[in-house]
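In: for reference, the sequence and a predicted model appear below.
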Amino acid sequence: MILRRLGNKSKIAKEIQKHFPPHKIYIEPFFGAGGMFFNKPKAKYNIVNDLDSDVFNLFQVVVNQKTELEEMLYTMPLHTDLLEFWKENNETEPIKKALRFLFLSNLTFLGIGTNLKFGTNRNDKKLLYENLLMFTNKTLFDVQFMNKDFRVFFNSIEFDDRGTSGTAESFIYADPPYLGTNDNYSNSFTKDDSIDLFNSLQETGCKWAMSEFDNEFILNQAKERNLNVYIIGERQNMKNRKTEILITNYKTSQISLF
């Protein structure tokens, strides 16, 4: 993986995948850093999305202009002057926009773009460069990648139950910005967004799973809709400890909370 973001699922992807059903079509409305996508077996067909234009642009550049991005990253200074400039200025040219996004996400403390990370036992720029060298754009080459609000995204997908692209062979994994948490995403979630997400997922007719914390509002929504809730484990940061859950519209071999 080349992008660091708060809440990305790379460390717990395998645990969550134990609950995934077999599928030929994989759909992910909140791609983010790709923590789940890059840590699961690739499906035959893949449709992913992220509303954040920085995320979308980064992976488009990786697919189409990876060599140029590597060259610019190699010569990029790790300097507070550059940090201050990019805190106040956006980039519009795709490669520079991708470079700015990687700089702020990977090379600043907690990825919030306030202070650079320094230390004698680490070199985050070198690690980022090496990860980018190893990162293969072939993984994303044939993936359909959209840049839309999740409501529009779901309405953009056409299912054909007569062939191999029907709802029966599709699986949706949703990892939205968690309700009631502070994050460094450009688009946070409200209760209305969460309700719309539940409704949108149910209306697809597909099997789906959604990651969240054991937020009371989210748990009530799941219970009212007769969904299944599975405990994945605890996640702890400097401020608190929360329980990671997975909500599904199908039964797994594990024991559901209700």
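Out: Received it, and whenever you're ready, just let me know what you need. Predicted model only: the values in this text are computed from it and were never measured.

In: who's in contact with residue 219?
Out: Listed by CB atoms under 8 Å, 6 or more residues apart in numbering, the contact set of residue 219 reads 229, 245, 257. Heads up, the C-betas are built off the backbone N, CA and C, glycines and all.

In: ok so it is a helix residue?
Out: Yes. Under DSSP: H, G, I helix; E, B strand; the rest coil, residue 219 sits within a helix.

In: residue boundaries of the strands in the stretch 51-200 of the chain?
Out: Along the stretch 51-200 of the chain, counting by DSSP state E, counting those that start in this stretch, strands occupy 144-146, 170-174.

In: buried ones in the shortest one?
Out: Residues of strand 144-146 classed as buried under the neighbour-count rule (16 or more other CB atoms under 10 Å) are 145-146.

In: contacts for it?
Out: Under the contact criterion CB under 8 Å, 6+ apart, strand 144-146 has outside partners 31, 46-49, 56, 59-60, 153, 156.

In: inside helices: which ones of the residues you listed?
Out: Among the contacts of strand 144-146, the residues falling in helices (DSSP state H) are 56, 59-60, 153, 156.

In: any chance of those in CSV, plus distance to residue 99?
Out: As requested, the ones in helices among the contacts of strand 144-146 are exported to CSV (distance: CB to CB, whole Å):
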residue, distance to residue 99
56, 15
59, 14
60, 14
153, 27
156, 29
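
In: among the residues you listed, which one lies nearest to residue 78?
Out: For the ones in helices among the contacts of strand 144-146, the residue nearest residue 78 by CB to CB is residue 59; the value is 23.2 Å.

In: before we move on, back to that, hmm, which of the contacts of strand 144-146 are the buried ones?
Out: 31, 46-49, 56, 59, 153.

In: got these as TSV, with distance to residue 101 and pLDDT columns?
Out: Putting those into TSV (distance: CB to CB, whole Å; pLDDT from 0 to 100) gives the following:
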residue	distance to residue 101	pLDDT
31	14	96
46	22	96
47	23	97
48	17	98
49	17	98
56	10	97
59	10	96
153	21	97
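
In: got TSV for these, with distance to residue 23 too?
Out: Below are those laid out as TSV (distance: CB to CB, whole Å):
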residue	distance to residue 23
31	17
46	10
47	12
48	14
49	17
56	23
59	22
153	18
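
In: ok, residue 221 - how many residues close by?
Out: Residues lying near residue 221 (other CB atoms under 10 Å) number 20.
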